[in-house]
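J.: when you get a sec, could you give me coordinates for this:
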Amino acid sequence: MKIHKVSQGWDIARLEEVAAATRYPIGDGDHGAIKPSCYSKVGIPYIRVADLRDGQISVENMVCIPREIHVANPKSHLFPGDIVISKTGATIGKVAILPDTIPEANTTSSIGKISLNPAKAFNRFVLWYMRSPLFQSDMWRVSHKSAQPGFNIVDLKKFRIPLPPILVQHRIAAILDKVDAARRRQNEVGVHLDNFLNATFSDLFGDPVANSKCWQKKKLGEVAAIQGGLQVTAKRKDGIETPYLRVANVYRDSLDLSEIKTIMATSAELERIKLQGGDVLVVEGHGNPKEIGRCAVWDGSVNPCVHQNHLIRVRLDRRVALPKFISAYLNSAGGRRQLIRAGKTTSGLNTISTSDVRATQVLLPPVNLQEKYVALVEQVQDMKNKWLSQERGLEDLFLVLVQESFRTSWGI
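T.: Here you go, the predicted model:
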């Protein structure tokens with residue numbers, strides 16, 4: 001094995017130099033013999049790129065293939081401890097390790113696989129290095145040789161990794177595993193808080209589909225002014241440059257304001273479309289039919305601000321309907337069912353109209369009960385913000401540790 005030294009004492013090696021002494025230690029998945037028609041819910045797990053999530057293999061939507069087809073494709077066999085990495089398209093570089101809970105598996109041609117010699121390279125250390133910005137940068141540099149990003153098995157074999165003593169590899173991996181576990185626990189807190197809110201909504205207002213508590217029902221258009229947004233076109237060159245919200249900013253009961261674009265709008269359009277704090281924004285068009293109708297309450301943090309035509313504004317009569325209650329209702333089973341059913345598909349885009357939103361039936365419990373729920377939502381949101389701040393701190397620490405574990409010790 002040809003090992004090369006680096007400035008601070010660590011070696012570097014190509015992946016092929018630390019691979020296991022097996023028949024197919026580095027390769028990729030099936031190149032066409034396994035068709036989607038082979039998929040089933042039982043059999044040998046078939047790992048696809050969508051199954052690689054945040055450094056792990058998710059079984060949530062995993063499919064299986066018959067054993068006889070698996071046996072006929074030995075080059076793409078996976079075993080516990082093998083590293084898998086997505087190698088084509090926009091999702092290249094997603095990495096995971098096949099866990100012991102999956103005793104054998106198969107995979108697609110979009111995924112590369114690596115079986116390591118455990119005496120030379122610890123798989124979790126290599127996993128962390130492959131997830132680091134250092135490796136990802138090298139991988140993308142190699143992958144931009146053609147219009148479609150990707151690397152082949154020859155490239156995979158030649159990718160270089162740092163190679164400290166095996167005990168050092170284990171220590172570094174253990175540290176990163178601990179920080180990552182803490183980061184994941186922080187992520188779970190937000191999920192538990194959301195589940196708590198969903199359960200509280202059901203306790204207070206009953207089943208929104210069956211209306212088990214017999215609340216008053218009205219069409220949304222009877223208690224709100226419904227307004228479409230501005231069309232974004234290259235022809236908009238005159239007017240006032242104004243921030244605007246789009247589908248990417250609106251999720252279910254939450255906003256993502258990390259990127260807000262601007263649009264040229266006339267004074268008349270600003271007068272008609274300008275958002276107010278408390279407006280409910282409903283997604284009008286989406287490629288995924290299950291996402292049309294998702295909504296959130298505008299917080300008024302950007303002023304002035306308008307919205308594009310793929311969002312629909314709902315401005316409520318707050319004497320009878322509070323924004324955060326209506327948003328929660330529209331995002332509940334009852335609201336989602338109505339809006340998804342109203343959706344139409346045109347040129348691959350699923351849409352609803354302002355008329356569909358106006359016709360949506362909403363429950364109207366007494367305002368004092370809505371206020372009780374809204375107060376709880378605000379308390380939970382404060383808790384989520386505190387957890388989110390801690391989560392970002394852990395995320396930053398995690399990224400620094402991953403980077404510096406290799407940059408400093410590898411002499412980069």
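J.: how is the chain divided into domains?
T.: 14-162, 164-206+371-412, 216-364 (automatic domain parsing).
J.: ok, the nearest residue to residue 54 once chain neighbours are set aside - how many residues close by?
T.: Computed as CB to CB, 6 or more residues apart in numbering, the closest residue to residue 54 that is not its neighbour in sequence is residue 184, at 8.0 Å. (Each C-beta comes from the backbone N, C-alpha and C, glycine too.) When neighbours are counted by other CB atoms under 10 Å, residue 184 registers 14.
J.: same question, residue 238
T.: Around residue 238 there are 8 residues (other CB under 10 Å).
J.: which helix or which strand is home to the residue nearest to residue 54?
T.: helix 166-205 (DSSP states H and E).
J.: same for that helix, what does it pack against?
T.: When contacts are defined as 3 or more CB pairs under 8 Å, 6 or more residues apart in numbering; DSSP states H and E, helix 166-205 sits against helix 123-131, helix 323-330, helix 367-407.
J.: confidence-wise, which of those is weakest overall?
T.: Mean pLDDT across the helices and strands packed on helix 166-205 is lowest at helix 367-407; the value there is a mean of 72.
J.: pLDDT weak spots in the stretch 101-250 of the chain?
T.: Counting by pLDDT under 70, the stretch 101-250 of the chain shows low-confidence ranges at 145-147, 186-187.
J.: so how far is residue 182 from the spatially most central residue of the chain?
T.: Residue closest to the average C-alpha location in the chain (CA atoms, centre = their mean): residue 53, at 8.8 Å. Separation of residue 53 from residue 182 (CB to CB, to the nearest Å): 18 Å.
J.: circling back: okay, buried residues for the helix holding residue 184 please.
T.: 169, 172-173, 176, 179-180, 183, 186, 189-190, 193, 197, 200-201, 205 (16 or more other CB atoms under 10 Å).
J.: how far out from the middle of the chain is it?
T.: Helix 166-205 sits 15 Å away from the centroid of its parent chain (CA atoms, centre = their mean, to the nearest Å).
J.: following it, which helix or strand comes up?
T.: Sequence order places strand 216-219 as the next helix or strand after helix 166-205, per DSSP H and E.
J.: partners of that next one in the sheet?
T.: strand 361-364 (antiparallel) (DSSP bridges).
J.: so for the partner strand, mean pLDDT?
T.: Averaged over strand 361-364, pLDDT sits at 93.
J.: return the distance of residue 268 relative to residue 274.
T.: Going from residue 268 to residue 274 by CB to CB gives 11 Å.
J.: so for those two, which residue has more residues nearby?
T.: Under the neighbour definition other CB under 10 Å, residue 268 and residue 274 were set side by side, and residue 274 has more, 16 against 9.
J.: apart from its chain neighbours, what residue comes closest to that one?
T.: Leaving aside its sequence neighbours, residue 274 is closest to residue 304 (5.3 Å, by CB to CB, 6+ apart).
J.: sounds good, over and out.
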